[in-house]
Structure formats: C-alpha cells, structure tokens
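*Asks:* Let's see this in three dimensions:
(2 chains)
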Amino acid sequence: MRKQQILKTIAVVVASAWLAGCASTTDKDALNDGALGSGLDGAAAFDGKDLTESQKQLLSQRVFYFDLDSYTLSETDAAAIEAHAQYLRHYPRTHIRVEGHTDERGSREYNIGLGERRGNTVANALALRGVPRDQISVVSFGKEKPLALGHDDSAWSQNRRAVIHYEITE
Amino acid sequence: MKAKLCALFLLFYTGITSAEVTIEITRGYDAAIPIAVVPFKETMGSAPMDVADVVNSDLNMSGQFNTFDASRFTQMPHDAASANISYFRQMNAENAVVGRIMPVGNNKFNVTFELIDIFKKNANSTQPATGNPVLLAKSFVGVDGKDLRRLGHHISDLIYERLLGVRGAFSTRLAYISVERSGKNASYALEVSDIDGHNPQKVVMSSEPLMSPAWSPDGRKLAYVSFERHRAEVYIVEIATGRREIITHFPGINGAPSWSPDGRQLALTLSKDGTPKIYVMDLITRTLRRVTEGSAIDTEPCWTNDGQGIVFTSNRGGKPQIYQVNLASGSVTRLTFDGDYNARATLTPDGRKMVLIHLTNTGYNIALKDLHSDGLILLSRSTLDESPTISPNGAMVLYGTQEGTRGVLGAVSVDGRVRLRLPARSGSVQEPAWSPFLS
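*Replies:* Numbering: from 1, shown residues only, chains lettered A, B, ... in the order given. Alright, predicted model coming up:
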C-alpha cells in the first residue's frame, strides 16, 4: 500500500511541478515564508494549489529523529524523504540546508562531529534519490541548539534530530 | 569548612558591579593555611576600594587558605612593627597580611603591605626590631584608583607564591560563552572577565551559537567558532579592540581551534574532505595541512608543550578515546583505555597529565589522567560535566556543568581536594577557558 501511495505522490508531484513552474514567484515566496523556519510549522510553506494534501503533509515534515547512538533514518521517514527528493529534483535552483543535532550529553565539539553524521544521513538519502549534492549543504550544531532543555530521555530524544531548511533561491 | 560571604567568582552578573555572593567550599582542604588578611581600610581615605578585600577573596577562592571575615578583627595593625603577634596566634592564624592605602592626590594611591609569619616557621625572613618575622614587604607608588583591584590580585599572587612555592593565578582572566534564552530564541556572547568574575566584557555577540573559545599564548586574542552565518566558521578576535578576522570557513565543520605553544599555528577540526580531521594552519602563511587520516571523527586537538604533538579525540576505535599524533612522523598512539567515552583532553602546564571528560555509569565527569601511568582519577561528581580548563599554574580546573536547566561553572583543584560550587547567574555560562599568565 505504501508503494501505491508513493507512486501516487510522485504522479501528483510531477503534475504539480508542471503547473507550479508557471507560478515561480509565488512558490519562492511560499518557500521563504515557511522554509526558513524550524521545520515544525507544518504545511505553511507549500502553499501552492497544485499540491495535494498528502503531498503537503509529506513535505511539511522537516524534522527527522534519531535513536541514541544512531545515524540511520527510520523506515517511517522514507515517504517524506522521497517527497523532498522529488521536490528538489523538480526545482533545481532550490537549495536546502540540513542541520544535524545531538542530545546534550558529552563533549561539545565531538557532538558537532556526531551531528554532522545525522545531517549527512539525510543529505545522502536525498542524493541517493537523485538530488544533486550541490543543492544540499549540511551544518552540524551538535548540542548547541536544543529544542528541549530537560535532562531526561524525553528531552534527549527530541534533540537528536536532523532538520531540513529550505533556503532562499535566486 | 566555613561558608563565607565573599566576592568569589563574582559570577558574571553583568552590569552589577558588586554582588556579594555566598560560596560554599564543598570539600575543604585540611592542610589549608589559616591566614588573617587585616583590612587596610582605615587608612584608605578616598580610595574606591580596600585592596585587602580582593586579597582575602582570592586566597579564599584558591581553597588553599582559610581566611577570616573582615568583621572578626578587633585589632587592625597596618604594619608588622605594630602587629600584636599573640592576637593572631589566639586566632590560630599562621600568617597575617597587613597594609595601608594612602591617597596622594589625583585619584592615585601608595599601597604597602607586609606578609607576616605568625609562628616564625619560615627561617628565611627578615627580622625587624620588634622581632616580627616578615616574609614579604612591598610598596607600590602612584597606583591609579581604577587599578587597585588589579593590584590586589597581584598581591595575592605574591603571597600565594611565597607561601606555596607555586605561581599565583589571580591576575589571569576567564573567557566563556554566555547564553540567554527566551522561548525559541537565544542570544550568545563570548565574554572575558577577571578570574573572580569581575569586569565582564562582551567581546563578540551573536544570535547564533558561539563555541570553543581558545586563548592565544600571549593572552591578547581568542580563537572561536561562530555560527552567525548559519554555518560553522573559525574566527580570531583581538580582545582589546574587538577586531576580528575569519580564519576558516570551509564547507562542513570548522571547529575546535587550538593555538600552538608558540602562537604561530592553529590546530583545528575541518570536515571539508569528508569526515572531521585535525588540520594545522600556519597563521603567518595561512597554509593548511591535514595531520590525521581515516574515516573516523577526529576532533578537539590540544598541543603538547613541546609543540611536537597534538592530543585529540577520535572514535577510530569505535567509541571516543584520546589519541596523540606525532606531527613529524604522523604516527598515532592511543592514550586512554578506561571506559567507553573519553574526550576533550587538555594537558596540564607541566605536560605530564591531562584533564578530560570521562563517562562513568553515573554520568559525564571531569577526570585526570597521568600520561605515563594507567588509570584515571575522577575530579568532579555530577552527571553532565564538560569543557574542563586548567589554570596556568596547574592548580585548579574550571569546567561546565548544569544547575537545573542552566549552565554554570564548577571548580575543583587538580589534586581533587578542594571543590567549589559556583553560584548561578541569570542565563547560562558554558565553555570556560582559562587565560595564560598575563604580563
């Protein structure tokens, strides 16, 4: 069933890419409004009438969480990754910055290294789906920008993440 | 063990120039020297502050001395000749400091002090007519009112060295990152203060993270990492002027700057070639060379004293451990073997030991490891300790830790005997970096 959904999504994206190409200014503005946020603002960025609800839903997922000591994406993230890949392939002037984060435990600069691995995981997943690597930059913040400030598993699991930020296109 | 009111680590209360703060020495040192620092204040006239207050706080904060509250003194001699030795003996003081501040006009002052050996233990002392043994006597002429605090730190250095045989670090400074959070936003500053927390000065400010401050060996500059352009970049800032220049801004990680002992090179972490590796940049020619290889994360470089090697963190063995690379040959040796997580090593000034972050089954602690023997000693006790920095006389370690959800600083002596809990301020303080000795 998932494969059907993905195929349907691809069809929708292809179709909307066609139509959206004619409304480039609107797309850019829409991208700017939502895309420069933290990625948790939901579907606001992709405002085009051309996108279906399920497309918007997938593209609105900007945050990908990781288990402790893990640098691999969960299976449940595959559809969203695919949606981002499709979008980026169809808008080759669109650039994203993937930010990698860790939880607060341990040394700061070593955590910068670990955060980069998480960012690279998302970048590589997109590249494997045909997104040219020069559309993606990876920045690691290590533990410097936590979302949750507690000292427990709940906070830590919210902080182990990679976040996609869509940047202003030319 | 006494709880004392003093200006210890006057914590970084930006804008508040004289906050009295309670500190607790949580683990006192039994062999701490009781020293009576007699206020100079009756003589001070129009002087803006009593130098003796600074001396008293400094000696107290080192953990190596037991000091007395100024209010304890019912006799306040201002020179050794008029000091009543039996008064100090009944207080159980081993040493006393007496002195004067004399205004000479134009907001300038002459300051004198004498360090007295109450029990005449020290054979090496001059003997004035009354027989009071004076270990140290100095005068300072024409000191500006604004420099009295600095003079106090200098006098503390002299007393510390005279009694302990180790150079005092009271005239050094601290760099650190301060963070103020409100909701989802945060503002970051790279700040420098006196070692007791006075005179905080924001050197760099940003709405994006700042990290990893590192002092140049001459104490005039700081290298640091900034995310102000939404990517990691290494800068050097000249503290006195605020002038800064960007050093590296390659794609990927630019981090963990560390100055060579001669100040001519900077080691740092770059991931531009695929994974984080250690590089060395010549600061004159700006040429760059990579000094570690492989696909692991190598980071947190720290130079050895002879400038021939770099100690660093690497997970090339699976988990983070400390390694050392010989810069000439490129050969790498592993230094830590205890436990699964050892990171962020800094060598002691004598080059024989290092402090680092070590994970135990209760959490992340600061540990001390002798480079030539097995095993390590835990210095700190909480669960989220990080970023150790050592005083240039090798006596004390400052580190970052948590109090609630705020970053605060902890301090512990390298011999582990004295542990200081430093009070929190508004906002967070993290990544302390102790300056070198400053001329």
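*Asks:* can you map out the helices along chain B?
*Replies:* Assigned by DSSP state H, the helices in chain B fall at B:51-61, B:85-90, B:148-164.
*Asks:* Of these, which is nearest chain A?
*Replies:* helix B:51-61 (26.1 Å; Cβ to the nearest Cβ). C-beta: built from backbone N, CA, C; applies to glycine.
*Asks:* Chain A contacts on chain B?
*Replies:* Of all the residues in chain B, those in contact range of chain A (Cβ under 8 Å from any Cβ of the partner chain) are B:181, B:184, B:186, B:209, B:211-212, B:227, B:230-232, B:251-253, B:255-256, B:269, B:271, B:276, B:297, B:299-300, B:313, B:315, B:320, B:341, B:343-344, B:357, B:359, B:364, B:383-384, B:386-387, B:402, B:405, B:431.
*Asks:* Surely residue A:144 is in contact with residue B:211?
*Replies:* Yes - between residue A:144 and residue B:211 there is a contact under Cβ atoms under 8 Å: 6.5 Å.
*Asks:* Mutual contacts of those two, please.
*Replies:* The contact sets of residue A:144 and residue B:211 overlap at A:108, B:227 (Cβ atoms under 8 Å, 6 or more residues apart in numbering or on different chains).
*Asks:* For chain A, which segments count as strands?
*Replies:* A:63-65, A:96-101, A:136-142, A:161-166 (DSSP state E).
*Asks:* Strand partners (parallel or antiparallel) of the third one?
*Replies:* Spelled out, that is strand A:136-142. Partners of strand A:136-142 in the sheet, by DSSP bridges, are strand A:96-101 (parallel).
*Asks:* mean confidence for the strand it pairs with?
*Replies:* Strand A:96-101 comes out with an average pLDDT of 98.
*Asks:* and residue B:133, which of the strands of chain A is closest to it?
*Replies:* Nearest of these to residue B:133, taken as Cβ to Cβ: strand A:136-142 at 55.9 Å.
*Asks:* quick one: low-confidence parts of chain B?
*Replies:* B:1-30, B:120-132, B:421, B:423-425 (pLDDT under 70).
*Asks:* buried ones in stretch B:178-186?
*Replies:* B:178-179, B:186 (16 or more other Cβ atoms under 10 Å in any protein chain shown).
*Asks:* wait, isn't residue B:195 in contact with residue B:168?
*Replies:* No - applying Cβ under 8 Å, one finds residue B:195 not in contact with residue B:168, separated by 10.2 Å.
*Asks:* The two: which is more packed in?
*Replies:* residue B:168 (25 against 21; other Cβ atoms under 10 Å in any protein chain shown).
*Asks:* For chain A, which segments count as helices?
*Replies:* Under DSSP H, chain A gives helices at A:2-20, A:24-35, A:53-60, A:78-90, A:108-128, A:153-159.
*Asks:* Tell me the residues of chain A that contact chain B?
*Replies:* Applying Cβ under 8 Å from any Cβ, we find that chain A lies next to chain B at A:38, A:97, A:104-110, A:112-114, A:116-117, A:137-141, A:144-145, A:149-151.
*Asks:* change it to 7 Å
*Replies:* A:97, A:104-110, A:112-113, A:116, A:137-141, A:144-145, A:149-151 (Cβ under 7 Å from any Cβ of the partner chain).
*Asks:* Now, of the residues you listed, which are buried?
*Replies:* Among the residues of chain A next to chain B, the ones that count as buried (16+ other Cβ under 10 Å) are A:97, A:104-110, A:112-113, A:116, A:137-141, A:144-145, A:151.
*Asks:* Distance check, residue B:197 against residue B:348.
*Replies:* 24 Å (Cβ to Cβ, to the nearest Å).
*Asks:* Which one's more surrounded, the two?
*Replies:* Applying other Cβ under 10 Å to residue B:197 and residue B:348 shows that residue B:197 carries more neighbours, namely 24 against 19.
*Asks:* what's around residue B:305, how many residues?
*Replies:* Residue B:305: 13 neighbours (other Cβ under 10 Å).
*Asks:* Residue B:110 and chain A, how far apart?
*Replies:* Separation of residue B:110 from chain A (Cβ to the nearest Cβ, to the nearest Å) stands at 47 Å.
*Asks:* Could you find the closest non-adjacent residue to that residue?
*Replies:* Among residues not flanking residue B:110 along the chain, residue B:102 sits closest, at 4.7 Å (Cβ to Cβ, 6 or more residues apart in numbering or on different chains).
*Asks:* The one you found and residue B:419, how far apart?
*Replies:* Residue B:102 is 40 Å from residue B:419, by Cβ to Cβ.
*Asks:* Between those two, tell me which one has more neighbours.
*Replies:* residue B:419 (19 against 16).
*Asks:* Quickly list what the more buried one is bridged to.
*Replies:* Bridge pairing for residue B:419 - DSSP bridges - gives residue B:27, residue B:412.
*Asks:* residue contacts, residue B:268?
*Replies:* By Cβ atoms under 7 Å, 6 or more residues apart in numbering or on different chains, residue B:268 lies in contact with B:234, B:248, B:254-257, B:279, B:281, B:301.
*Asks:* could I get stretch A:115-129 in PDB with only the CA atoms?
*Replies:* C-alpha atoms of stretch A:115-129 as PDB (Å, rounded to 0.1, in the frame of the first residue of the first chain):
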ATOM      1  CA  GLY A 115      25.500  15.900  14.400                       C
ATOM      2  CA  GLU A 116      27.200  16.200  11.100                       C
ATOM      3  CA  ARG A 117      26.700  12.400  10.600                       C
ATOM      4  CA  ARG A 118      23.000  12.900  11.100                       C
ATOM      5  CA  GLY A 119      22.800  15.700   8.700                       C
ATOM      6  CA  ASN A 120      24.800  13.600   6.200                       C
ATOM      7  CA  THR A 121      22.300  10.800   6.600                       C
ATOM      8  CA  VAL A 122      19.500  12.900   5.300                       C
ATOM      9  CA  ALA A 123      21.700  14.500   2.600                       C
ATOM     10  CA  ASN A 124      22.800  11.100   1.400                       C
ATOM     11  CA  ALA A 125      19.300   9.800   1.400                       C
ATOM     12  CA  LEU A 126      18.300  12.600  -0.800                       C
ATOM     13  CA  ALA A 127      21.300  12.300  -3.100                       C
ATOM     14  CA  LEU A 128      20.500   8.600  -3.500                       C
ATOM     15  CA  ARG A 129      17.100   9.600  -4.800                       C
END
